[in-house]
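Participant: I would like to see how this sequence folds:
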Amino acid sequence: MEETGCKDCRYYLPVDVFRGMCKLSKDPITPDDPLCAAMEHIPKCKFCAYYTTDKDYLGKCMGSILAYPDMIASKCADFKWDKQN
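Facilitator: The predicted structure is shown next:
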């Protein structure tokens, strides 16, 4: 699993590309802030067992469909948590 920050948490609310807000504490945070005890991973392509990395910011789903690692996959019918998570 790749290193994560607040941007991978279910409770992160982006305000813009540089800052956000925690939905639980209402504190201002940045996407790369360290994780807290309440962190809960949100389903993203980079956490899926079917995702493989091709380049730094691009990969493939099931070996054929282009996908971004930070793409939200909560509505994907084929999403399966990678065993490393």
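Participant: got a pLDDT number for residue 74?
Facilitator: Here, the pLDDT recorded for residue 74 equals 88.
Participant: From what I see, it and residue 43 are in contact.
Facilitator: Yes - Residue 74 lies in contact with residue 43 (Cβ atoms under 8 Å); the separation is 4.8 Å. Yep, even glycine has a C-beta here, placed from its N, CA and C like the rest.
Participant: Compare these two (neighbour count), which wins?
Facilitator: residue 43 (19 against 9; other Cβ atoms under 10 Å).
Participant: tell me the contacts of that one?
Facilitator: 72, 73, 74, 76, 79, 81 (Cβ atoms under 8 Å, 6 or more residues apart in numbering).
Participant: before we move on, what about residue 32?
Facilitator: Residue 32 touches 5, 6, 7, counting by Cβ under 8 Å, 6+ apart.
Participant: at 7 Å instead, please
Facilitator: The contact partners of residue 32, taken as Cβ atoms under 7 Å, 6 or more residues apart in numbering, are residue 5.
Participant: What distance do you get for it to residue 5?
Facilitator: 4 Å (Cβ to Cβ, to the nearest Å).
Participant: Domain-wise, how is the chain divided?
Facilitator: The chain resolves into domains spanning 1-42, 43-85 when parsed by automatic domain parsing.
Participant: neighbours around the closest residue to residue 50 other than its chain neighbours, how many?
Facilitator: Nearest non-adjacent residue to residue 50, counting by Cβ to Cβ, 6 or more residues apart in numbering: residue 62, 4.9 Å away. Residue neighbour count, defined by other Cβ under 10 Å, stands at 12 for residue 62.
Participant: Three-state assignment for residue 46, please.
Facilitator: helix (DSSP: H, G, I helix; E, B strand; the rest coil).
Participant: from what I can see it touches residue 69, true?
Facilitator: Yes - between residue 46 and residue 69 there is a contact under Cβ atoms under 7 Å: 3.6 Å.
Participant: still on that earlier bit, out of the contacts of residue 43, which is nearest to residue 13?
Facilitator: Each of those was scored against residue 13 by Cβ to Cβ, and residue 72 proved nearest at 13.2 Å.
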